[in-house]
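K.L.:
I would like to see how this sequence folds:
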Amino acid sequence: MLYDDAVSLPLIGLPGSRRAVIVSVRLPVNRPRPAASLPEPTIQPSEGWHCLHIYYRIDQCGLEIFDEATREQGRADLIRILNPAAEHAPARLQVSVVSGHAADLCLILMDPDPLKIDAVTQMLRTSAIGSALETTYSFVSITEISEYVPSVEQYAERLQREGSGPDDPAYQAKVNAYEQRLPAMNKQRLYPDIPPFPVVCFYPMNKSRVPGANWFMESFSARSAMMAEHATSGIKFAGRVSQLITASTGFDDWEWGVTLWGRSPEYIKEIVYTMRFDRASAQYAEFGPFYISYAISTEEMLTHLRL
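P.N.:
Predicted coordinates for the structure are as follows:
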């Protein structure tokens, strides 16, 4: 048992005497024991990347106060800062221009080091025309492998529940194919490559907690089954839409961020509409604002936004 240092108790009078003494005792305490082995403190995840979606609006009044020389320097600054091949650039950097009034410019940044991501936003802020870049929205998250991605064993069990078995040659072929592609799929979830698609859609979402539709009160098996249905709907858009789900619980106001890259605009509309009929969405999903943008080089962005 652990004991605290001596503690002085109040004065205690002795019987038949006006004298008093101070009694000192050692009290047992419950102190936390250090773990036998803990990793070193770090701001980098053990696997996966930090992710930032950040949106800017061009402040036209702020832009007009700059003379042409300052604007020219600002354009050069942005080309340098947003160069994905630069030494200071995070592992992934994408520039797109936003449709609608909510923003003009979108940046998607990913890296194991969150300060490397933040350094890009600080360089933009302090660039020659940085005061004309008004941040309108940002979303902070990390990449992850969802708990609903089945292991090879869980995938095999699902096939058996659907009526296929080890005696069926198609069953073993499906299991083998899934085992071969799972590592690559999980690598893409943790360290995603940005596809060469021109359309970018982003929105945050939660799972509902309302009475009667509380996702977190459902059993894991029920949630897994609903997410399997959801995945089946999404896989139909392979080659037309690429999806990235990032986790934001504890990082932002929403629980997940959904990024969709589309080969063309109609595929974004179709996949979002189609997947809303899955029970996981129809009954349990809560959506935040939607942002649609179009991937573009920094030089093209400067021309498009009249910078």
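
K.L.:
what segments of the stretch 151-300 of the chain are strands?
P.N.:
199-207, 209-210, 213-214, 241-247, 256-262, 285-287, 291-295 (DSSP state E, counting those that start in this stretch).

K.L.:
wait, which of these is closest to residue 38?
P.N.:
strand 241-247 (22.7 Å; Cβ to Cβ). (C-beta placed from N, C-alpha, C; glycine too.)

K.L.:
would you mind listing the buried residues in the closest one?
P.N.:
Going by neighbour count (16 or more other Cβ atoms under 10 Å), the buried part of strand 241-247 is 241, 242, 243, 244, 246, 247.

K.L.:
distance to residue 190 and pLDDT added to those residues, as CSV?
P.N.:
Shown next, in CSV, are these (distance: Cβ to Cβ, whole Å; pLDDT from 0 to 100):
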residue, distance to residue 190, pLDDT
241, 20, 98
242, 15, 97
243, 14, 96
244, 10, 97
246, 10, 98
247, 11, 98
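
K.L.:
and which of those is nearest residue 155?
P.N.:
For the buried residues of strand 241-247, the nearest to residue 155 is residue 243 (19.1 Å; Cβ to Cβ).

K.L.:
which pair of the buried residues of strand 241-247 spans the longest distance?
P.N.:
Pairwise over the buried residues of strand 241-247, using Cβ to Cβ, the maximum falls at 241 and 247, 20.2 Å.

K.L.:
related to what we said a few turns ago, and of the strands of the stretch 151-300 of the chain, who's closest to residue 189?
P.N.:
strand 241-247 (7.6 Å).

K.L.:
so what's the gap between stretch 139-156 and the chain middle?
P.N.:
Taking the mean of its C-alpha atoms, stretch 139-156 sits 13 Å from the chain's own mean (Cα atoms, centre = their mean, to the nearest Å).

K.L.:
can you give me the end-to-end span of it?
P.N.:
End-to-end span of stretch 139-156 (Cα to Cα, to the nearest Å): 36 Å.
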